[in-house]
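> Here is a sequence with its predicted model. Questions after.
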Amino acid sequence: MHQRQLSISLYLNYFVHGIGLIILTQNMQALGQHWQTPLATVSYVISGIGIGRLFAYFILGNLSDRFGRKVFVNIGMASYLIFFLGMAVVTNIQVAYGLAILAGVANSALDSGTYTTFIEMGGRQGSANVLLKAFMSAGEFLLPLLVANLEAQQLWYGWSFMLAAVILLVNGVLLNRQHFPVRNQANASASALAVRQQISHGRRWLATIGLAGYGYTSMAIMILYTQWISLFATRTFHFSAILAHWLLSLYSIGSISGVLVIFWLLRRGVAETKLLVAMNVGSLVALLVICYSPIAGLSMIAALAFGFTAAGGVMQVALNLFIKLYPQVKGRVTGIYFTFGSIASFTIPLITGWLSQQNVALAMRFDLLIGVAGIGCVGLAAWAIRSPKSLSQERQRINHIDQQIVRLLNERFDTVTAIGELKQQQQLPVLDQQREQRVLHQVAAKSKQTAHTPYLQAIYQAIMRNSRAYQTDLHDLHKEEINHD
Ligand SMILES: O=C(O)C(=O)C[C@]1(C(=O)O)C=C[C@@H](O)C=C1
């Protein structure tokens, strides 16, 4: 119960963080007027967030392993509070730049305190990290509506900043009434231990390289898309401005649905490595369609699929895996991972800006290269972490398969009952040899491995023998009932 309240508070912070991510870009005009500076200066202030993140992640991640997660969640909330309150009223550009850096620090502190906490809650809470992404997206979705409303009613732009500050204040009170789980327990999660014990030192290093690399590519592939898609769509395929915007909105819708589906899959016990490889292959295919198909409908479907696969929380899934490799230093791992992400947010605009001087299509298609690199990274990690088959794991798979078989056999017996009743009405015998031969024939035709076929047929003979026994019993029961009457 307490864990649930703590989770809600942690999620709420990420709703505010979603607002924080775009509040400056959403208010660029208003801030420019307020500071009496050109938009380029506002843009320069915004870059402070990236700088803050880049330097803070590694340091704060390490410190959170020493001083506990709660302190860092609080530092994150307090820094964001100062940022929101200060940015709404500040007039000095240098102070504004300092506040933007503080927002980057807030982001890093929240991440190093939150992702680690969810893993330390144990159980399958790791999948909760994926939901953080949904709360961020909700903040990013709602803020533009609020900003547009304030603008339409000619109200002070600072109200959106105040709203975020108020949520933080209330949440600060709620959160500090909760206890955080014990930090850095190597045995916090059974799967963490399993991952750690089963792989050699060398393979752990390869997985580390793959996952750190993925920290870069997973962020890069999203940033590049959101930065260039609209321009690419209008310039390269001469799509209308509305359609170009739709390609971004569909990406967001795909992203939120992806989060929910990934969360559900993780809860069902789907392997993180398999999920990562499948999602990355999917996003490369979607990207190929976006980059080369001039058909609007196809591009729209691909944009949805790209959001689903590339921005549906895969970054968080890989972080979970990374943390499981090093359960004693979860904060440091989180810091390293997001540092790579920050380097991506810093370098991708530079690289693509340079490429776009030649051609916008080139900038956009550079995302394909990142997609291939991403598959390489998760492929390497998945290969290195692959677990040797164990008796208990394989038996778990059998349990799962048996559940499905029993459910289907129940359904088959229901149908056998219906057939039995029809045969009674039509006074037909229970045994139908011809039909049984056909069933056995079908089994042989459907069997994917010929070596299995005689065994499958023997199983079916047993099933049909039991169907007959069941039909005969039902028949006898029916007769008895009639005699009674
Ligand atoms: O198809 C029928 O007539 C059934 O009653 C079903 C069924 C079966 O289990 O597939 C059972 C007994 C018959 O001998 C043939 C087939």
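Received the coordinates, thanks.
> what about the closest residue to the ligand within the stretch 251-400 of the chain, how many neighbours?
Scanning the stretch 251-400 of the chain for proximity to the ligand using CB to the nearest ligand atom identifies I398 as nearest, at 24.0 Å. Every residue, glycine included, has its C-beta placed from N, CA and C. Here the number of neighbours of I398 (other CB atoms under 10 Å) works out to 10.
> next one: T25
13.
> these two touch, right, it and S47?
No: applying CB atoms under 8 Å as the test, T25 and S47 come out as separate, 11.3 Å apart.
> need the contact list for T273.
321, 378, 381-382, 385-386 (CB atoms under 8 Å, 6 or more residues apart in numbering).
> If you could redo that for A88, that was the one I meant.
Neighbour list for A88: 157-158, 161-162 [criterion: CB under 8 Å, 6+ apart].
> Could you rerun that using 10 Å?
Counting by CB atoms under 10 Å, 6 or more residues apart in numbering, A88 makes contact with 23, 27, 31, 34, 156-162, 164-165.
> how far away is it from the ligand?
In this view, A88 and the ligand are 73 Å apart by CB to the nearest ligand atom, to the nearest Å.
> Give the helix, strand or coil label for that residue.
Secondary structure for A88, judged by DSSP: H, G, I helix; E, B strand; the rest coil, is helix.
> Pull out the buried members of the contacts of T273.
Neighbour counting with 16 or more other CB atoms under 10 Å marks 321, 378, 381-382, 385 as buried within the contacts of T273.
> which of those residues are close to the ligand?
Among the buried ones among the contacts of T273, no residue sits close to the ligand (CB under 6 Å from any ligand atom).
> With pLDDT added, can I get the residues you listed in CSV?
Formatted as CSV, these follow (pLDDT from 0 to 100):
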residue, pLDDT
L321, 93
V378, 98
A381, 97
A382, 96
I385, 92
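> Out of those, name the two that are farthest from one another.
Among these, the pair separated by the greatest distance (CB to CB) is V378 and I385, at 10.3 Å.
> list residues touching both of the two?
Here V378 and I385 have 210-211, 272-273, 321 as joint contacts, going by CB under 10 Å, 6+ apart.
> Tell me which of these fall in helices.
210-211, 272-273, 321 (DSSP state H).
> At the geometric centre of this protein, which residue do we find?
By CA atoms, centre = their mean, the chain has its centre lying nearest to G313, at 1.8 Å.
> hang on, it packs against E272?
No: if you go by CB atoms under 10 Å, G313 and E272 don't touch, sitting 11.1 Å apart.
> Quickly list what's touching both of these two.
127, 262, 266, 320.
> quick one: which two of these are the most distant?
Between any two of those, the greatest separation by CB to CB is 10.9 Å, found for I262 and N320.
> Who has more neighbours out of the two?
I262 (27 against 23).
> hang on, isn't that one packed against A318?
No: the criterion here is CB under 10 Å, and I262 misses it with A318 at 11.5 Å.
> So for those two, which residues contact both of them?
272, 275-276, 279.
> The residues you listed in helices, which ones?
272, 275-276, 279.
> The ligand contacts on this structure?
Contact residues, the chain versus the ligand (CB under 6 Å from any ligand atom): 416, 419, 431-432, 435-436, 439, 464, 467-468.
> Which members of the residues you listed are classed as buried?
416, 419, 436, 439, 464, 467-468.
> Which single one of these is nearest to the ligand?
Proximity of these to the ligand (CB to the nearest ligand atom) peaks at S467, which lies at 3.2 Å.
> Tell me which of the shared contacts of G313 and E272 fall in helices.
Using DSSP H, the members of those that fall within helices are 262, 266, 320.
> Dump these to a markdown table, plus distance to Q3.
As requested, those are arranged in a markdown table below (distance: CB to CB, whole Å):
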| residue | distance to Q3 |
| --- | --- |
| I262 | 21 |
| L266 | 17 |
| N320 | 17 |
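> which one in the residues you listed is the model shakiest on?
Least confident of these in the model: L266, at 88.
> ok, G254 - contacts?
If you count contacts by CB under 10 Å, 6+ apart, G254 has them with 286, 301-312.
> Likewise for L21?
L21 touches 14, 49, 103, 107, 136-137, 139-140, 143, counting by CB under 10 Å, 6+ apart.
> same thing with V443?
452-453, 456-457, 459-461, 463.
> For it, I want the exact helix or strand it lies within.
Remark: V443 resides in helix 433-446, with elements defined by DSSP states H and E.
> swap in A286?
helix 272-292.
> gap between Y11 and N107?
Noted for Y11: a distance of 16 Å to N107, by CB to CB, to the nearest Å.
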